[in-house]
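Student: give me a 3D structure for the following:
(one chain, ligands or ions: 1)
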Amino acid sequence: MIKILHLSDIHLGSGFSHGKINPDTGRNSRFDDFVHTLSLCIDRALAEPVDLVLFGGDAFPNATPAPYIQSAFANQFYRLVKANIPTVLLVGNHDQHTHGQGGASLCIYRTLGVPRFVVGDRIATHRLLTRNGPIQVITLPWLTRASLLASPKTEKLSLSEVNHLLLDRLEAILEAEIRRLDPNMPTVLLGHLMVDNARYGAERFLAVGKGFTVPLSFLTRESFDYVALGHVHKHQILCQDPPVVYPGSIERIDFSEEKEEKGFMLVDLAKGQAQLEFCPLSVRDFRTIKVNISTAEDPQAALVKAIKKKPIADAVVRLSYQVRSDQLDPIDNQALHACLSTAHSYSIQPEVVTKISRARLPELGVGSGIDPIEALKTYLDNREDLKDIAPEMIAAAEELLAGNLRQSSPDPQPTQLSLL
Ligand SMILES: [Mn+2]
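Tutor: Alright, predicted model coming up:
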């Protein structure tokens, strides 16, 4: 079995707005967090030790990170060089430079000829010899239109037609790589891409048509024993046979990842078999405190109570509260800062709510005679919040009116609905 550590989306140098300056180093505390978490991944690779490390792309927030950021990244990966562990660094969308192939921030590792390091900045198959035998890795970096389509014949095509063309092209290129594979050697596809049924954040399916997505069927090929992905920050396993896996980002980049568990994959691989283990990383918590105090009698007390309910020590916290403008004065911001002081960092976002004056319905003006059921329907048409029970309300009103008619005078006056 070949033991692989698969990590992705390091984004070293991101999320500084959620940190603070470390007075000892002058560096952002989130930078230190990210470096520490990356070091935990490398620690594990060395402790096992693994036979191969696969990085799924997005090393930095962009292709030109500051030297101290590049150097921190290099320091961690150099530990793998020293331990003789082969490593594949895939190029993600954040790593690419507009200068085309070879311009990515990770290409320096190829230029320097770092022993046993492979940079995946194009579609290619790499045969690597590990301590536990040979393995072949197809690298599939983030694809741009320019990388797949040489001629500008796409000018008059719609976005979906272009995507179709890109997929046709990709399918042909992948097919060519697959045909050249050694059928007896364990095979990994390492790709930085968006699979069309990937979920992210709050379990939303990504909107189709929002850029280039690859159908899962492109990846679930018999020749692949493991499909190692990068790009989506939420860990997920899209298919079991063969395993198609996003390990997710190693740290929370922003609040959209508040509820996501972070980690990396350990994979034991042989031809036709893969054993997976997701290894969680203990990373800094993000905590949203959202509270509506616009109806509270004591807004300050309500706010303090909401803060105290959540564990905020050492977390990145955002307090977001809804408040009436006349309640703003009594709010003691100093006291709020004191309450939040155990957090690693925090932001306070008050949102002033104004009483929304209910729109007048012109069809229901005073004095205009209208059938009560019609009036009710018009009213309900304007109340989105009552949509679910609208048919029942109408049925009930009809029954009431019918009952009224039976019990009151045989020739009733039209009922006037008074609308507030
Ligand atoms: Mn990406």
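Student: from here on, just use CA atoms for contacts and neighbour counts.
Tutor: Noted.
Student: packing partners for the longest helix along the chain?
Tutor: Counting by DSSP state H, the longest helix found in the chain is helix 159-179. In terms of contacts (3 or more Cα pairs under 8 Å, 6 or more residues apart in numbering; DSSP states H and E), helix 159-179 is packed against helix 145-148.
Student: follow-up on the earlier one: may I have the longest helix of the chain as CSV, with CA atoms only?
Tutor: The C-alpha coordinates for helix 159-179 follow below in CSV (Å, rounded to 0.1, in the frame of the first residue of the first chain):
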residue,chain,number,x,y,z
LEU,A,159,-21.1,31.0,-22.2
SER,A,160,-22.8,27.6,-22.0
GLU,A,161,-21.7,26.8,-25.6
VAL,A,162,-18.1,27.7,-24.7
ASN,A,163,-18.3,25.5,-21.6
HIS,A,164,-19.6,22.7,-23.7
LEU,A,165,-16.6,23.1,-26.1
LEU,A,166,-14.2,23.2,-23.1
LEU,A,167,-15.7,20.0,-21.7
ASP,A,168,-15.4,18.3,-25.1
ARG,A,169,-11.8,19.3,-25.3
LEU,A,170,-11.1,18.3,-21.7
GLU,A,171,-12.7,14.9,-22.3
ALA,A,172,-10.5,14.3,-25.3
ILE,A,173,-7.3,15.3,-23.5
LEU,A,174,-8.2,13.2,-20.4
GLU,A,175,-9.0,10.3,-22.6
ALA,A,176,-5.5,10.5,-24.2
GLU,A,177,-3.9,10.6,-20.8
ILE,A,178,-6.0,7.6,-19.6
ARG,A,179,-5.0,5.5,-22.6
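Student: pLDDT (mean, whole number) over that helix?
Tutor: Confidence for helix 159-179, expressed as mean pLDDT, is 89.
Student: same for the helix or strand following it, what does it pack against?
Tutor: Moving toward the C-terminus from helix 159-179, the first helix or strand encountered (DSSP states H and E) is strand 187-192. Under the contact definition 3+ Cα pairs under 8 Å, 6+ apart, strand 187-192 sits against strand 87-90, strand 133-140, strand 226-230.
Student: remind me what the last one packs against, helices and strands.
Tutor: Right, the one you point to is strand 226-230. strand 187-192, strand 243-246.
Student: and stretch 371-382, what's buried?
Tutor: Buried residues in stretch 371-382, counted by 16 or more other Cα atoms under 10 Å: 372-373, 375-377, 379-380.
Student: what of stretch 76-83?
Tutor: Residues 76-80 are the ones in stretch 76-83 that count as buried (16+ other Cα under 10 Å).
Student: what separates it from the chain centre, distance-wise?
Tutor: 29 Å (Cα atoms, centre = their mean, to the nearest Å).
Student: which parts of the stretch 251-400 of the chain are helices?
Tutor: With DSSP state H, counting those that start in this stretch as the criterion, the stretch 251-400 of the chain has helices at 299-308, 333-339, 372-381, 390-407.
Student: will you turn those helices into CSV that also has mean pLDDT?
Tutor: Conversion of those to CSV gives the following (pLDDT from 0 to 100):
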stretch, mean pLDDT
helix 299-308, 94
helix 333-339, 94
helix 372-381, 86
helix 390-407, 79
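Student: got the ones you listed as a markdown table, with distance to E177 columns?
Tutor: Converted to a markdown table, those look like this (distance: least, Cα to Cα, whole Å):
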| stretch | distance to E177 |
| --- | --- |
| helix 299-308 | 55 |
| helix 333-339 | 58 |
| helix 372-381 | 58 |
| helix 390-407 | 59 |
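Student: figure out which of these is closest to G113.
Tutor: Judged by Cα to Cα, the one of the helices of the stretch 251-400 of the chain that comes nearest to G113 is helix 333-339, at 51.5 Å.
Student: residues in contact with that closest one?
Tutor: 304, 307-308 (Cα atoms under 8 Å, 6 or more residues apart in numbering).
Student: please identify the most buried of the helices and strands packed on strand 187-192.
Tutor: Across these, averaging neighbours per residue (mean count of other Cα atoms under 10 Å) puts strand 226-230 on top, at a mean of 29.
Student: next helix or strand past that one?
Tutor: On the C-terminal side of strand 226-230, the closest following helix or strand by DSSP H and E is strand 236-240.
Student: lowest average confidence, helix or strand, in the protein?
Tutor: In the chain, no helix or strand scores lower on mean pLDDT, DSSP states H and E than strand 204-205, which sits at a mean of 48.
Student: which residues are contacting whichever helix or strand comes after that one?
Tutor: Using DSSP H and E, the helix or strand that follows strand 204-205 in sequence is strand 213-214. Contact partners of strand 213-214, identified using Cα under 8 Å, 6+ apart, comprise 167, 193-196.
Student: try 10 Å
Tutor: Where contact means Cα atoms under 10 Å, 6 or more residues apart in numbering, the residues beyond strand 213-214 that reach it are 163-164, 166-167, 170-171, 193-198, 206-207.
Student: N197 reaches L216, doesn't it?
Tutor: Yes. Contact criterion Cα atoms under 10 Å: N197 and L216 qualify, at 7.2 Å.
Student: where in the stretch 251-400 of the chain is pLDDT low?
Tutor: The model of the stretch 251-400 of the chain has pLDDT under 70 over residues 355-369.
Student: sorry, back to before: mind listing what's buried along the longest helix of the chain?
Tutor: Residues 162-163, 165-167, 170, 174, 178 are the ones in helix 159-179 that count as buried (16+ other Cα under 10 Å).
Student: quick one: which of those is nearest D58?
Tutor: L170 (20.9 Å).
Student: pop the domain breakdown of this structure in here.
Tutor: Listed by automatic domain parsing, the domain ranges of the chain are 2-280, 286-353, 364-419.
Student: deepest-packed of these, please.
Tutor: Highest mean neighbour count among the domains of the chain (mean count of other Cα under 10 Å): domain 2-280, a mean of 18.
Student: end-to-end on that one?
Tutor: 21 Å (Cα to Cα, to the nearest Å).
Student: show me where the stretch 1-150 of the chain has strands.
Tutor: For the stretch 1-150 of the chain, applying DSSP state E, counting those that start in this stretch gives strands covering 2-7, 52-55, 87-90, 117-120, 124-130, 133-140.
Student: which stretch among the ones you listed comes nearest I348?
Tutor: Taking these one by one with Cα to Cα, strand 2-7 is closest: 33.6 Å.
Student: paired strands for that closest one, with orientation please.
Tutor: strand 52-55 (parallel), strand 263-270 (antiparallel) (DSSP bridges).
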